[in-house]
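[1] The following block contains a protein sequence and its predicted model.
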Amino acid sequence: MKPGLFITFEGIDGAGKSTHVEALAAAFRQAGRALVVTREPGGTPVAEQLRVLALGAPMDALAEALVMFAARRDHLLQVIEPALARGDVVLCDRFTDATFAYQGGGRGFDWTVLAQLERWVQRTPACELREPHLTLLFELAPEVAATRLAGARAPDKFEAEPVEFFRRVAQAYARRAQEDAARFARIDADRPREAVWNSVVGAVRERGWLA
Ligand code: TYD
């Protein structure tokens with residue numbers, strides 16, 4: 001049995017990561033790998049309910065971070081850990097880096113408290129600290145992302161934030177990537193989709209996970 005693979009997709013709203021989640025899923029399926037495609041906050045009935053609250057209802061930054069981590073705990077135990085134990089590939093649209101970026105960077109919430117919550121929540125029966133094997137970080141200037149999002153649909157609570165918020169989110173993502181460089185592939189998302197896709201699939205092939 002092949003070992004499980006946990007790959008996450010991150011970036012500011014409008015960076016265009018979601019289409020690449022689907023494309024990478026198709027590539028792994030074609031290679032015959034069993035696969036789970038999921039997202040955060042969400043991925044279980046409980047976590048999807050928490051998503052509705054987190055994306056819709058105003059709350060302070062600590063409450064927001066706790067909701068994100070509560071959803072994550074349920075998702076990790078119900079979906080991600082069992083999938084990895086089966087040897088599946090797990091593709092997850094956002095994970096803990098988003099909490100550091102949005103609640104830490106965007107809202108200015110305490111980074112060390114988030115790091116403590118991360119250790120609590122991501123300790124599982126199988127693993128001292130469950131972390132992604134690879135995080136694809138889609139990087140795009142917040143001004144460009146804002147024009148991509150404009151008029152696309154009714155914005156949720158985060159998408160309605162001003163460009164300065166997303167500047168802080170992007171900086172926090174960059175900090176996470178610097179602090180754990182081996183886990184991250186930083187992808188310039190300000191290019192045609194095909195070029196971005198080549199970088200995505202290249203990062204996975206480089207690690208020997210796709211032929
Ligand atoms: P997103 O992943 O962009 O989904 P969609 O494509 O449906 O908009 O939406 C999730 C939002 O939640 C996004 O704005 C980032 C935010 N978020 C946090 O603030 N903290 C977190 O820990 C996570 C996982 C997401």
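    Looks like it arrived, so ask away. Residues are numbered from 1 along each chain as shown.
[2] and the helix or strand containing Phe138, how far from the chain's centre?
    Per DSSP states H and E: Phe138 is located in strand 134-139. A distance of 8 Å separates the centroid of the chain from that of strand 134-139, by C-alpha atoms, centre = their mean, to the nearest Å.
[3] Give the partner strands of that strand in its sheet and their orientations.
    strand 5-11 (parallel), strand 184-188 (parallel) (DSSP bridges).
[4] By residue count, what's the longest helix in the protein?
    helix 163-179 (DSSP state H).
[5] What parts of the protein come near the ligand?
    13, 18, 40-41, 55, 68, 93-94, 98-99, 102-103, 158 (C-beta under 6 Å from any ligand atom). All C-beta spots, glycine's among them, are computed from the backbone N, C-alpha and C.
[6] among these, which ones are buried?
    Neighbour counting with 16 or more other C-beta atoms under 10 Å marks 13, 40-41, 68, 93-94, 98-99, 102-103, 158 as buried within the residues of the chain next to the ligand.
[7] ok, now how distant is Arg191 from Ser18?
    According to C-beta to C-beta, to the nearest Å, Arg191 stands 17 Å off from Ser18.
[8] quick one: contacts for Leu129?
    Going by C-beta atoms under 8 Å, 6 or more residues apart in numbering, Leu129 touches 118-119, 122-123.
[9] Could you check how far the residue nearest to Trp111 when sequence neighbours are not counted is from Arg168?
    Leaving aside its chain neighbours, Trp111 sits nearest to Gly104 (5.2 Å; criterion: C-beta to C-beta, 6 or more residues apart in numbering). The gap separating Gly104 from Arg168 is 9 Å, by C-beta to C-beta.
[10] more crowded one of these two?
    Gly104 (26 against 19; other C-beta atoms under 10 Å).
[11] Now the more buried one: phi and psi?
    Main-chain torsions, Gly104, degrees, to the nearest 10: phi -70, psi -60.
[12] contacting residues around it?
    110-111, 114, 172.
[13] For the worst-scoring helix or strand of the chain on mean pLDDT, name the packing helices and strands.
    Across the helices and strands of the chain, mean pLDDT, DSSP states H and E gives its lowest value to helix 142-149, namely a mean of 93. Here helix 142-149 touches helix 163-179, going by 3 or more C-beta pairs under 8 Å, 6 or more residues apart in numbering; DSSP states H and E.
[14] which residues sit against the helix it packs on?
    By C-beta under 8 Å, 6+ apart, helix 163-179 touches 10-13, 97, 100-102, 104-106, 108, 135, 137, 139, 142-143, 145-146, 184, 186.
[15] mind running it again at 6 Å?
    12, 97, 100-102, 104-106, 137, 142, 146, 184, 186 (C-beta atoms under 6 Å, 6 or more residues apart in numbering).
[16] got the end-to-end distance for stretch 140-159?
    Start-to-end span of stretch 140-159 (C-alpha to C-alpha, to the nearest Å) is 15 Å.
[17] now that stretch, how far from the centre of its chain.
    On C-alpha atoms, centre = their mean, the centre of stretch 140-159 falls 17 Å from that of its chain.
[18] What residues of that stretch count as buried?
    Here stretch 140-159 shows 140-142, 145-146, 149, 158-159 as buried, counting by 16+ other C-beta under 10 Å.
[19] now do stretch 203-211
    Applying a neighbour-count criterion of 16+ other C-beta under 10 Å, one finds 203-204, 209-210 buried in stretch 203-211.
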